[in-house]
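**Q** Kindly generate the corresponding structure for this input.
(one chain, ligands or ions: 1)
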Amino acid sequence: MVLIDGKKVAADIRNELKEKISKAKSEVKNIPGLVAILVGDDPASKIYVSRKGKACEEIGMRTQTEIFPSSITEEELLSVIDQYNANSDYHGILVQLPLPKHIDETHVIERISPQKDVDGFHPVNVGNLVIGKDTFASCTPAGIQELLKRYEISTEGKHVVVVGRSNIVGKPIANIMLQKQKFANSVVTVCHSAASDLGYYTRQADILIAAIGRADFITADMVKDGVVVIDVGINRIDAPHLPKGYRIVGDVEFETVSKKASYITPVPGGVGPMTIAMLLSNTFKAFEAFNK
Ligand code: NAP
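**A** So this is what the prediction gives:
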């Protein structure tokens, strides 16, 4: 069994980007920029945004964080996005979700210029992904495909079973794996909570992608020998004996499933670190397109 080291792959990607940015600095006298917009004071969102800012700084990317109180109106937030759409120093715009209830997330996502939508949530980019055009793919799914690429895992004609159909993980990864492209071209099945016998589907998977949000939900009896397991889940479970009082586990019962798997991503340290790496990568791509 091969443990897929997302931490290492993400570090490799950051180093590659760092080199490219330093080259761009001397050649085109410009660097890519990413702005993160945060509304409210949700502690988890604050942590994510500060991690993203730090990651930008480490690779020499321009970074800015705009923080607004949750009382900001939708109009005001949209006008901030307009300003960054027009600001040529920033090639990527990220609005940290979720937003307060009085702000319509759809309006906000649709206001971001598709050329700066490095999260890949804008309907134009989602549409481009579905029809197989080059686009910004949502970062976590893009990170999953990158892991498959870097570990040279064969996907062509393989049965990929995705559990979960969210707009940020399940649907985009299913669409990515469906494309007639290298490290995709798979036969794809998507499962969700209405599946009456989930194991019937998951046991058929050559590559199983679990994006459910339920701790240790996929057990060894639900997979076949030799399966490639990509565990997207991040679940906090009580662990009173640990200093933090909790630990993070995936959607897959690692102990048992890893014994049957040919490749598996651990949680933490698998898919998780790839999301920010792909965000940086998408921002560099936006910068390159801007310079063309
Ligand atoms: P989500 O929006 O809650 O979607 C969960 C999906 O799982 C839904 O499609 C749901 O089906 C399906 N599901 C729930 N119970 C099920 C069951 N019993 N059988 C089959 N399907 C079931 O979650 P998400 O945003 O996609 O995230 C999924 C997990 O990935 C979470 O743990 C999240 O924290 C993690 N995540 C990690 C990263 C990262 O690593 N960077 C990024 C994003 C998310 P229905 O559609 O029918 O409700």
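**Q** pLDDT (mean, whole number) over stretch 185-198?
**A** Average pLDDT, stretch 185-198: 98.
**Q** Centre of the chain to it, how far?
**A** In terms of C-alpha atoms, centre = their mean, to the nearest Å, the centre of stretch 185-198 is found 20 Å from the chain centre.
**Q** hmm, that stretch in reach of the ligand?
**A** Yes: using C-beta under 6 Å from any ligand atom as the criterion, contacts between stretch 185-198 and the ligand involve C191, H192, S193, A194, A195, L198. To be clear about C-beta, it is placed using only N, CA and C from the backbone, and glycine gets the same treatment.
**Q** okay if I get those as a markdown table plus distance to R62 and secondary structure?
**A** Rendered in a markdown table, the data for the residues of stretch 185-198 next to the ligand read as follows (distance: C-beta to C-beta, whole Å; DSSP: H, G, I helix; E, B strand; the rest coil):
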| residue | distance to R62 | secondary structure |
| --- | --- | --- |
| C191 | 41 | strand |
| H192 | 40 | coil |
| S193 | 42 | coil |
| A194 | 45 | coil |
| A195 | 45 | coil |
| L198 | 45 | helix |
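**Q** can I assume L17 is in contact with L280?
**A** Yes: using C-beta atoms under 8 Å, L17 is in contact with L280, at 5.5 Å.
**Q** anything in contact with each of those two?
**A** Overlap between the neighbourhoods of L17 and L280 consists of I59, M61, taking contacts as C-beta atoms under 8 Å, 6 or more residues apart in numbering.
**Q** Between the two, which has more neighbouring residues?
**A** Using other C-beta atoms under 10 Å, the more surrounded residue of L17 and L280 is L280, with 28 against 22.
**Q** if you look at the host helix or strand of the more buried one, does any of it touch the ligand?
**A** Secondary structure from DSSP states H and E places L280 in helix 272-291. Yes: in terms of C-beta under 6 Å from any ligand atom, part of helix 272-291 sits within range of the ligand, namely G272, T275.
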